[in-house]
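Enquirer: Got a sequence here, can you build the structure:
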Amino acid sequence: MGDQKTIPNGIKFLIGGVSGMGATCFVQPLDLIKNRMQLSGTKVSTMSVVTGIIKNEGFFSFYAGLSAGLMRQATYTTTRLGIYTWLFELASKDGQPNFVTKAALGMAAGCVGAFVGTPAEVALIRMTADGRLPLAERRNYKNVFHALFRIIRDEGILTLWRGAIPTMGRAMVVNAAQLASYSQAKQALLDTGYFQENITLHFASSMISGLVTTAASMPVDIAKTRIQNMKIVDGKPEFKGALDVLGKVVRNEGPLALWKGFFPYYARLGPHTVLTFIFLEQMTAAYKSRLS
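Expert: Numbers count the residues shown, from 1 in each chain. Okay, the predicted model is just below:
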């Protein structure tokens, strides 16, 4: 208790945001591969997407949209952490909240964080998708700020929140699934007697949690991705909403296309959680040692 009091809430939120940004630097290529697979209207494999990117765009193109990915963490993760901490403190006044309450708080925090982070998410989707388009159709955003400026100038400020509803829905699903599956997986692994409370347990629990969360959230994620990347043709949007996207995907590409990009999405989710946790612990320890 004494240690926690030495770290102001503002610093906790800052550390949380920076931790997410640090993890993003490692998993950005997986985000790009996942987005490319979700946007393809045909059946593609992870390997074909990877080899195509290396052949046609070069290795460093895997980090296209990194500035938008960092901006997303700075807005989404920091807001989510701040809202969750605030709500948790309110719910803890009458004692420790139960698991269902924690899950509900996580969903609410994820929903608000997703709304705040949607502009960066729109920029990220477009920047990671640009390389798959013909040269004449590319948006050629230089960085996240250039992307946001161009979107506001060319399409209006409300376009920054295109796909906000499925983005918020995805955040709620992800937070609920992660909370439930991570705690269950952690307890189950501890009960085997082969694990103890350390980074190995956190990594294994995160990967199991990532599997469950990926399966639960991918249909909402693919709807979000396609809506945020769609273009307006003759004054009409390509999709009417999330349900329209899902209906067209199932009809034109088959039900399994709702989980297109499953492997890179899953491979990103687990390590991102683990890396965020490692950075969080290290920066918190460093901050405490500077105070002592």
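
Enquirer: For Y265, which non-adjacent residue is spatially closest?
Expert: K34 (4.7 Å; Cβ to Cβ, 6 or more residues apart in numbering). C-beta coordinates here come from the backbone N, C-alpha and C atoms, glycine included.

Enquirer: got the contact list for the one you found?
Expert: By Cβ atoms under 8 Å, 6 or more residues apart in numbering, K34 lies in contact with G261, P264, Y265, R268.

Enquirer: Quick check: which element contains it?
Expert: Assessed by DSSP states H and E, K34 sits inside helix 9-39.

Enquirer: average model confidence for that helix?
Expert: Averaged across helix 9-39, the pLDDT comes to 88.

Enquirer: Can I get the contacts of K34 in TSV including secondary structure, pLDDT and distance to Q96?
Expert: Shown next, in TSV, are these (DSSP: H, G, I helix; E, B strand; the rest coil; pLDDT from 0 to 100; distance: Cβ to Cβ, whole Å):
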residue	secondary structure	pLDDT	distance to Q96
G261	coil	85	38
P264	helix	85	37
Y265	helix	84	33
R268	helix	79	32
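
Enquirer: For F145, give its distance to L30.
Expert: Distance, F145 to L30, using Cβ to Cβ, to the nearest Å: 24 Å.

Enquirer: One more: T42?
Expert: In terms of Cβ to Cβ, T42 sits 21 Å off from L30.

Enquirer: Pick out whichever of the two has more residues nearby.
Expert: L30 (21 against 8; other Cβ atoms under 10 Å).

Enquirer: My guess is the more buried one contacts G261. True?
Expert: No - with contacts counted by Cβ atoms under 8 Å, L30 stays clear of G261, the gap being 9.4 Å.

Enquirer: Centre of the chain to stretch 223-241, how far?
Expert: 21 Å (Cα atoms, centre = their mean, to the nearest Å).

Enquirer: Would you mind pulling the contact partners of that stretch?
Expert: Contact partners of stretch 223-241, identified using Cβ under 8 Å, 6+ apart, comprise 35, 38-39, 121-122, 125-126, 129, 155, 162-163, 165-167, 170, 242-243, 245-246, 248-249.

Enquirer: Give me the buried entries from the residues you listed.
Expert: Buried subset of the contacts of stretch 223-241 (neighbour count, 16 or more other Cβ atoms under 10 Å): 35, 38-39, 121-122, 125-126, 129, 162-163, 165-167, 170, 242, 245-246, 248-249.

Enquirer: In helices, which of the residues you listed fall?
Expert: Among those, the members found in helices (DSSP state H) are 35, 38-39, 121-122, 125-126, 129, 165-167, 170, 242, 245-246, 248-249.

Enquirer: quick one, what contacts the nearest residue to I152 once chain neighbours are set aside?
Expert: Excluding the flanking residues, the one nearest I152 by Cβ to Cβ, 6+ apart is L160, at 6.9 Å. Listed by Cβ under 8 Å, 6+ apart, the contact set of L160 reads T118, P119, V122, L148, I151, I152.

Enquirer: how about the strand or helix carrying T118: buried residues?
Expert: T118 belongs to helix 99-129 when assigned by DSSP H and E. Buried residues in helix 99-129, counted by 16+ other Cβ under 10 Å: 102-129.

Enquirer: now it, how far from the chain's geometric center?
Expert: 7 Å.

Enquirer: Taking helix 9-39 as reference, get the angle to that helix.
Expert: 60 degrees (axes from the mean of the first three to the mean of the last three Cα atoms, to 10 degrees).
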